[in-house]
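*Asks:* model the structure of this input:
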Amino acid sequence: MSQAKPSSAARLAVALVLIALVLIATFAASLGPSVQSVSAPPEVFSAERARVVLQRLAGDGIPHPIGSAQNALVRDRVIAEFRALGYAPAIERNLACAPNGSCGWVENILATLPGRESGSTVILNAHYDSVPAGPGGGDDATGVAAILEVARALRTLPQPRFPVLFLVDDGEEAGLLGAEAFVRRHRPADFASVLVLEARGSSGRTLMFETSQDNRAIVGAYARSVPRPSTSSVYFSIYQRLPNGTNFTTFKNVGMRGMAAAFIGDPAQYHTPLNRVKNIPDQTLQHMGDTGLGVTREIAYNGLGAETGNASYFDVLTLAVVRWPEALNIPVAVVALALLCTLAALQLRAGRFAVREFASSLAFSLVPLVAAGLAGFGVSSLLATRLDQANWPASGSWLVLAAWASGFSAVALSGWLAQGKIRGAAAWTAVWIVMSILGIAAALLLPGASYLLTGPAAVAALLGLGSWIGEKFGKRKRNKIAHSSLAVVIPLVAISVLVFPFALELFEGMGAGTLFGVAILVAIALAPLLPMLVETTWSRRLAAMSLAVAAAAVVAVFITPVYTAWTPRPLALVYQMDRGAATAHWIAEIPGKVVPAELPSVASWRTEPIPSLAIGLGEVPALRTVADAPPVTLAFPEARIVAVEQRGNRSLLRIEMHSPRGARVMRLRFAAQFTPRLVSMGEFMADGKSRTTGVVVMHTVPLEGIVVAVEIDLAAEDSEFVVEDETPGLPTEGTPLVKARGADSVPIHRGDRTLLSTLGRVPKLRY
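*Replies:* Take a look at the predicted model:
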């Protein structure tokens with residue numbers, strides 16, 4: 001094999017150093033802003049001031065789900081904080097239902113800062129309820145504390161042009177109920193924009209991840225006002241395709257403009273007892289507050305811009321936001337491809353490389369991406385048994401390192417295999433042609449992500465032509481070297497600056513199932529190294545080193561605990577008793593099939609379906625980890641049909657639900673053949689937009705019960721339905737299970753609970 005060309009080796013060395021610097025800068029940017037102290041100027045958001053408020057709101061670490069006595073205490077604390085700031089908060093109490101049939105009484109808190117002009121109100125929103133399993137220190141007491149500090153800061157400034165409404169709503173965790181109640185009671189046209197502050201973890205920067213359509217003006221306001229911006233149109237494009245929802249989803253669905261922002265660090269603590277105030281870093285609170293104050297102040301004082309259409313946008317290492325109209329993505333990608341193809345034709349004509357070599361280069365340019373995807377998938381498959389479906393294991397850093405090393409090794413191996421077959425000029429041209437083609441595909445399929453490829457490809461095309469012109473018309477040879485070095489290194493730095501942050505955040509955002517995606521992203525960012533790797537002897541050593549790192553990371557995953565007290569196993573324990581089947585079970589809600597070693601010492605576990613819990617969920621009796629439980633003396637829920645009406649080929653049933661044991665949460669489960677639709681619950685009348693659902697949930701059932709109206713098919717008469725009630729915690733017989741759960745396991749979401757169910761029957765009607 002020929003010796004490395006000095007210029008290629010030097011370029012590679014410089015490129016690797018620059019990539020390392022970009023990676024270091026990306027890590028540094030993720031640390032968040034400097035924390036403002038209590039002595040900061042009054043118009044500035046201070047995390048230390050907000051921390052005091054946060055401690056008063058949720059420092060006791062007690063869960064406060066909708067309808068609970070503790071939630072009423074938190075509500076009163078929020079009201080007291082607003083009053084102390086000189087506001088006159090109001091409570092709007094409504095019965096709300098989500099489109100999926102989840103309902104409850106909510107008590108939204110509203111406080112207004114008047115503007116010089118009426119209308120065009122700016123909303124800053126967070127929710128004050130928590131899930132039953134956790135105290136909600138991050139989700140969303142941090143957002144509420146940030147709003148209160150923003151409300152304090154804005155009162156120190158001159159009166160804004162437009163009013164600001166601070167909306168601290170209730171029932172978000174029960175199905176976005178507070179937001180549903182708000183949009184039913186208010187006219188969306190009265191509001192200029194809404195900013196929702198959320199959390200999906202306990203730490204990290206606040207990402208602006210969701211916007212309304214036609215978002216150029218919103219993105220512009222964000223870009224002008226947030227001192228350490230953290231955002232990307234990639235998140236916007238992906239979130240539109242996910243089933244997840246925030247309060248902003250509800251606002252967006254009724255035509256309101258705005259954005260949602262959240263921090264996502266330490267996702268294993270989300271909706272668990274670890275999501276408490278003391279685990280929220282000051283940098284996280286500061287960044288959320290800077291985001292809330294910056295955007296609210298910008299829109300309230302200056303209004304929104306007049307731009308229309310969607311934007312492509314991203315932050316550059318949290319220094320600034322670069323943005324342009326999304327409609328330019330395809331033209332830019334096509335122009336870049338045309339310029340690169342022109343450059344390829346010029347080089348072919350000049351004999352820089354042959355057609356066959358160029359064709360081989362195109363094939364080799366795809367090899368790293370395919371190899372990285374396969375390597376990432378292989379690593380995921382190899383570790384699947386070890387992780388047992390854990391999305392965010394304690395060994396997450398090793399998983400990410402394995403994925404990154406896999407992507408790097410795919411590029412280095414490709415460069416080694418291509419040595420002697422293709423030369424640097426052919427490899428460079430082919431790599432960027434492939435990137436521009438992928439950019440066009442991204443612009444069509446995932447528009448918000450196209451900038452990751454089209455931007456660097458356009459830079460490469462311009463510098464490549466500049467290099468060609470310099471070589472043709474430059475008077476000194478060193479000019480040629482300078483031009484070609486810039487064309488090789490600068491686009492590489494550009495693509496790594498764009499891709500690295502997303503590759504680092506993908507695991508935190510979506511979990512271990514995205515390892516193959518992380519590996520592919522790393523390969524995309526490093527593929528521009530191929531022109532240098534094919535002309536040096538370093539590629540084999542770099543491949544060996546990266547493979548060794550990947551192997552070491554995989555070994556580390558096997559010897560590192562999957563769960564720890566800081567990154568725990570989600571494990572909710574359920575007592576379920578069914579009057580109709582005369583059975584009782586313990587249910588362990590765990591992410592996989594491996595039961596914690598401590599639990600079998602208390603009960604004998606097996607995997608089997610529980611039919612009554614499958615009703616209303618597609619009739620698929622999902623397998624559950626269960627153990628036999630003793631019957632306990634508790635009153636079962638009651639439901640009786642109090643009225644039946646015929647509506648064409650449908651029947652309207654009015655069902656009275658009641659929990660003798662005082663449960664605040666009750667469900668009606670209907671079999672799939674009913675094709676049921678919620679019509680009303682108590683005084684709430686559905687608006688006809690509710691989708692067909694087999695489960696109707698009431699989260700704040702009065703002690704006297706409630707009447708639910710459900711429309712069903714006539715053909716489903718004389719069939720069964722299930723009424724179920726739910727209370728937090730287990731009966732005393734479950735105490736040994738709770739004690740055996742272990743320090744590395746915690747309840748999650750709905751938490752430990754007791755479910756009792758009773759069968760009901762739809763009578764055969766005669767007309």
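
*Asks:* by mean pLDDT, point me to the weakest helix or strand of the chain.
*Replies:* helix 611-614 (a mean of 75; mean pLDDT, DSSP states H and E).

*Asks:* and the next element down the chain from it?
*Replies:* For helix 611-614, the succeeding helix or strand toward the C-terminus, using DSSP states H and E, is strand 623-628.

*Asks:* packing partners of that following strand?
*Replies:* Here strand 623-628 touches strand 583-589, strand 605-609, going by 3 or more Cβ pairs under 8 Å, 6 or more residues apart in numbering; DSSP states H and E. Heads up, the C-betas are built off the backbone N, CA and C, glycines and all.

*Asks:* what about the longest strand in this protein?
*Replies:* Using DSSP state E, we find that the single longest strand of the chain is strand 102-113.

*Asks:* what's the spacing between it and its chain's center?
*Replies:* Centroid displacement of strand 102-113 relative to its chain, using Cα atoms, centre = their mean, to the nearest Å, is 24 Å.

*Asks:* give the buried residues for that strand.
*Replies:* 102-111, 113 (16 or more other Cβ atoms under 10 Å).

*Asks:* mind saving the C-alpha coords of the helix or strand that that strand is followed by as PDB?
*Replies:* Scanning forward in sequence from strand 102-113 by DSSP H and E, the next helix or strand is strand 121-127. Extracted in PDB, the C-alpha atoms of strand 121-127 (Å, rounded to 0.1, in the frame of the first residue of the first chain):
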ATOM      1  CA  THR A 121     -53.100  38.600  24.700                       C
ATOM      2  CA  VAL A 122     -49.900  36.600  25.100                       C
ATOM      3  CA  ILE A 123     -50.300  33.400  27.200                       C
ATOM      4  CA  LEU A 124     -47.500  31.900  29.300                       C
ATOM      5  CA  ASN A 125     -48.700  28.400  30.500                       C
ATOM      6  CA  ALA A 126     -47.700  25.600  32.800                       C
ATOM      7  CA  HIS A 127     -49.700  23.100  34.800                       C
END
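
*Asks:* so strand 121-127 versus strand 102-113, what angle?
*Replies:* 130 degrees (axes from the mean of the first three to the mean of the last three Cα atoms, to 10 degrees).

*Asks:* check which helices and strands strand 121-127 is in contact with.
*Replies:* helix 143-155, strand 164-169, strand 191-199, helix 247-253, helix 282-302.

*Asks:* got TSV for the helices and strands packed on strand 623-628, with mean pLDDT and mean neighbour count too?
*Replies:* Shown next, in TSV, are the helices and strands packed on strand 623-628 (pLDDT from 0 to 100; neighbours: other Cβ atoms under 10 Å):
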stretch	mean pLDDT	mean neighbour count
strand 583-589	90	19
strand 605-609	86	12
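
*Asks:* okay, these in TSV with distance to Thr429 next?
*Replies:* Shown next, in TSV, are the helices and strands packed on strand 623-628 (distance: least, Cβ to Cβ, whole Å):
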stretch	distance to Thr429
strand 583-589	54
strand 605-609	56
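
*Asks:* and the buried residues of strand 102-113 as a markdown table, adding distance to Ser225?
*Replies:* Output for those, formatted as a markdown table (distance: Cβ to Cβ, whole Å):
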| residue | distance to Ser225 |
| --- | --- |
| Ser102 | 35 |
| Cys103 | 37 |
| Gly104 | 35 |
| Trp105 | 36 |
| Val106 | 30 |
| Glu107 | 31 |
| Asn108 | 26 |
| Ile109 | 25 |
| Leu110 | 24 |
| Ala111 | 21 |
| Leu113 | 17 |
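
*Asks:* out of those, the closest to Trp428 would be?
*Replies:* Set against Trp428, the nearest of the buried residues of strand 102-113 by Cβ to Cβ is Ser102 (55.4 Å).

*Asks:* the stretch 1-150 of the chain: helices as residue ranges?
*Replies:* Assigned by DSSP state H, counting those that start in this stretch, the helices in the stretch 1-150 of the chain fall at 6-29, 47-58, 69-84, 143-155.

*Asks:* can these go into CSV with extra columns for distance to Glu598 and mean pLDDT?
*Replies:* CSV is the format used below for these (distance: least, Cβ to Cβ, whole Å; pLDDT from 0 to 100):
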stretch, distance to Glu598, mean pLDDT
helix 6-29, 37, 87
helix 47-58, 30, 97
helix 69-84, 29, 97
helix 143-155, 36, 98
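
*Asks:* for Ala425, which of those helices is the nearest?
*Replies:* It's helix 6-29; of those, that one is closest to Ala425 (Cβ to Cβ) at 11.0 Å.

*Asks:* between the helices of the stretch 1-150 of the chain, which gets nearest to Met681?
*Replies:* helix 69-84 (19.6 Å).

*Asks:* and that closest one, C-alpha only, in CSV?
*Replies:* Taking Å, rounded to 0.1, in the frame of the first residue of the first chain, the C-alpha atoms of helix 69-84 are listed here in CSV:
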residue,chain,number,x,y,z
ALA,A,69,-56.5,17.3,48.7
GLN,A,70,-52.8,17.9,48.1
ASN,A,71,-53.5,19.4,44.7
ALA,A,72,-55.9,21.9,46.3
LEU,A,73,-53.0,22.9,48.6
VAL,A,74,-50.7,23.5,45.7
ARG,A,75,-53.4,25.5,43.9
ASP,A,76,-53.7,27.7,47.0
ARG,A,77,-49.9,28.1,47.1
VAL,A,78,-49.9,29.3,43.5
ILE,A,79,-52.7,31.8,44.2
ALA,A,80,-50.9,33.1,47.2
GLU,A,81,-47.7,33.7,45.2
PHE,A,82,-49.6,35.6,42.6
ARG,A,83,-51.2,37.8,45.2
ALA,A,84,-47.9,38.5,46.9
